[in-house]
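> Pasting the sequence and the predicted model now:
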Amino acid sequence: MLGVAPLFTASAALISYLSLVVLGREFMAYQWDNLLLEAGLIALVLAPLRLAPARALSRPPMFAAIALHHLLVVRLVVSSGISKIASGDVEWSELRALRYHFETQPLPTWIGWWAHQLPSDLLALATAATFVAQLVLPLLAFFPGRARWVAAGAIGGHQLLIALTGNYGFFNLLTLALVIPLLDDDVWRRLRPWRGVGERPSTAAPSATPAASSPSRARAWICSPVIATYVVASALTLATTLRLDGTPSPTARTFLSALQPFRVVNSYGLFAWMTRTRDELTLEGSLDGVAWRPYVFRYKPGPLDRAPPFVAPHMPRLDWQMWFAALGRPEQSPWLVPLFERLRAGSPSVIALFEHDPFAADGPPTRLRLRSSRYTMTGPDERAATGMHWRSTEPRLYYGDP
């Protein structure tokens, strides 16, 4: 951000975050974690090769590097739309998906609660608009001028709507950051309130600085294999998303498998299958197996009268993982075992992930359990009468001590 050795600092950031993702396993396996790594690779190709900050670039970036960035943005958004169609989910094809989405998404916001109350016809129209925003308008990024501005506006506007209704960590901010380069220099010149102040026209003849008119030839030779590899891998990944017959071939699978540990080319597509119901897990502990006390999660739905909060760009990964655990069986979430072990040991760092420690005065619990119940959002009249944002069914044992 300060412009000091941008290529080297970007490399250090990329390597550091990759190590966190590898060590974090399922807790760092979200699509925006992979997107940050993929964007980090693009940053290496775009970053100027200098040590000290400078007011202007001594050389422009390669055209291929800029095209690589546009390819990432378009593939990110278009893949999300393609995955919804390729899944064959009738809730998307029949434009019913948003009837469920705001209620069943991992961490809704209070605005998401209101969005769930919208009429079905309006939600169907919004679902159709989602396909336009993900499948049609992003393609304008490959065109010059105002067409690219439309693509940037569509992608950015859609991300803002997602951020208003749900908490997705830094995904929305990262996507908005990737949208910024779609706006060419003329846009920023018009937006600058200080335009023309203190600027002096160059007195040098155009031919006096020929080296500044084109990218470094040596850097082009270094980056070209990276760019070619990325383009091929992107095409193969997109073909896999399209679920074309015969893709990927054994050779393509070997090629993509070799790149997979670095997470620099990834598939994207949130909510390809729409979740129609919401099962919430409640974590409880006990000293005697008779009286049970809840560990209240800070951000996910729990207390029925608590309004869904805004959390992003913070990423409460345990709260998110609980949403995924509720979708399957306990054995599909092996991290539950060490979670219970840490709570029985009274681990301060794990207890800090919850709203409070229900056993602060008595010591760690000897018994732990997870119970599952079906959550649905209340309507405006019911909330006005009861103060509840959620209603729930009678809980049943999901995992742990009976």
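Looks like it came in fine. Numbers count the residues shown, from 1 in each chain.
> secondary structure element for Ser19?
Under the criterion of DSSP states H and E, Ser19 resides in helix 6-24.
> Only the buried residues of that helix, if you could.
By 16 or more other Cβ atoms under 10 Å, the buried positions in helix 6-24 come out as Pro6, Leu7, Ala10, Leu14, Tyr17, Leu18, Val21. In this view, the C-beta of every residue, glycine as well, is placed from N, C-alpha and C.
> what packs against it?
With contacts taken as 3 or more Cβ pairs under 8 Å, 6 or more residues apart in numbering; DSSP states H and E, helix 6-24 sits against helix 31-46.
> Send me the helix or strand that the helix it packs on is followed by as CSV with only the CA atoms.
Counting by DSSP H and E, the next helix or strand C-terminal to helix 31-46 is helix 63-86. Output of helix 63-86 as CSV, limited to C-alpha atoms (Å, rounded to 0.1, in the frame of the first residue of the first chain):
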residue,chain,number,x,y,z
PHE,A,63,-1.3,-5.7,-21.6
ALA,A,64,-1.5,-9.4,-21.0
ALA,A,65,-1.2,-8.8,-17.2
ILE,A,66,-4.2,-6.5,-17.3
ALA,A,67,-6.1,-8.9,-19.4
LEU,A,68,-5.3,-11.6,-16.8
HIS,A,69,-6.9,-9.5,-14.2
HIS,A,70,-10.1,-9.0,-16.3
LEU,A,71,-10.2,-12.7,-16.9
LEU,A,72,-10.1,-13.4,-13.1
VAL,A,73,-13.0,-11.0,-12.4
VAL,A,74,-15.2,-12.3,-15.2
ARG,A,75,-14.4,-16.0,-14.4
LEU,A,76,-15.2,-15.4,-10.7
VAL,A,77,-18.7,-13.9,-11.4
VAL,A,78,-19.6,-15.9,-14.5
SER,A,79,-18.6,-19.2,-12.8
SER,A,80,-21.1,-18.4,-10.0
GLY,A,81,-23.9,-18.1,-12.5
ILE,A,82,-22.9,-21.1,-14.6
SER,A,83,-22.7,-23.3,-11.5
LYS,A,84,-26.3,-22.5,-10.6
ILE,A,85,-27.5,-23.6,-14.1
ALA,A,86,-25.2,-26.6,-14.3
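> what helices or strands is the very next helix or strand once past helix 63-86 leaning on?
For helix 63-86, the following helix or strand on the C-terminal side (DSSP H and E) is helix 90-93. Where contact means 3+ Cβ pairs under 8 Å, 6+ apart, helix 90-93 is packed against helix 63-86.
> just how off-centre is the helix it packs on within its chain?
The chain centroid and the centroid of helix 63-86 are separated by 14 Å under Cα atoms, centre = their mean, to the nearest Å.
> name the helices or strands packed onto that helix?
helix 31-46, helix 90-93, helix 120-131, helix 146-165, helix 171-179, helix 217-242.
> closest one to Thr251 among those helices?
Minimum separation from Thr251 across the helices and strands packed on helix 63-86 (Cβ to Cβ) falls at helix 217-242, 9.7 Å.
> which parts of that closest one are buried?
For helix 217-242, using 16+ other Cβ under 10 Å, the buried residues are Arg219, Cys223, Val226, Ile227, Tyr230, Ala233, Ser234, Leu236, Thr237, Leu238, Thr240, Thr241.
> The fifth one is in contact with Val265, isn't it?
Yes - the criterion here is Cβ atoms under 8 Å, and Tyr230 meets it with Val265 at 6.4 Å.
> one step back: contacts for the helix holding Ser19, please.
Residues from elsewhere that reach helix 6-24 (Cβ atoms under 8 Å, 6 or more residues apart in numbering): 28-29, 33-34, 36-37, 40-41, 43-44, 47-50, 261-263.
> Quick one: the buried residues of helix 6-24 as CSV, columns for distance to Ile180 and pLDDT too.
Putting the buried residues of helix 6-24 into CSV (distance: Cβ to Cβ, whole Å; pLDDT from 0 to 100) gives the following:
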residue, distance to Ile180, pLDDT
Pro6, 16, 91
Leu7, 20, 91
Ala10, 16, 94
Leu14, 19, 96
Tyr17, 20, 97
Leu18, 24, 97
Val21, 24, 97
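> Closest to Thr175 out of the residues you listed?
Nearest to Thr175 among these, with distances taken as Cβ to Cβ, is Tyr17, at 16.8 Å.
> I'd like to know which elements the helix or strand Tyr100 falls within is packed against.
Counting by DSSP H and E, the element that carries Tyr100 is helix 98-104. Under the contact criterion of 3+ Cβ pairs under 8 Å, 6+ apart, helix 98-104 touches helix 110-115, helix 120-131, strand 367-377.
> Contacts only, for the nearest residue to His70 once chain neighbours are set aside.
Residue nearest to His70 in three dimensions, not counting chain neighbours: Ala141, with 5.1 Å by Cβ to Cβ, 6 or more residues apart in numbering. Contact partners of Ala141, counting by Cβ under 8 Å, 6+ apart, are His70, Val73, Val74, Arg148, Ala151, Ala152, Leu182.
> which SS state does Ala141 fall under?
helix (DSSP: H, G, I helix; E, B strand; the rest coil).
> same deal with Leu281?
Going by three-state DSSP: Leu281 is strand.
> before we move on, the earlier item: angle of the helix holding Ser19 against helix 217-242?
30 degrees (axes from the mean of the first three to the mean of the last three Cα atoms, to 10 degrees).
> what angle sits between helix 6-24 and helix 31-46?
Using the same axes, to 10 degrees: helix 6-24 against helix 31-46 is 160 degrees.
> so how far is helix 6-24 off the chain centroid?
So, by Cα atoms, centre = their mean, the centroid of helix 6-24 is 18 Å from its chain's centroid.
> Ok, stretch 73-91 next?
On Cα atoms, centre = their mean, the centre of stretch 73-91 falls 15 Å from that of its chain.
> Buried ones in it, by neighbour count?
Buried-residue list, stretch 73-91, by 16+ other Cβ under 10 Å: 73-87, 89, 91.
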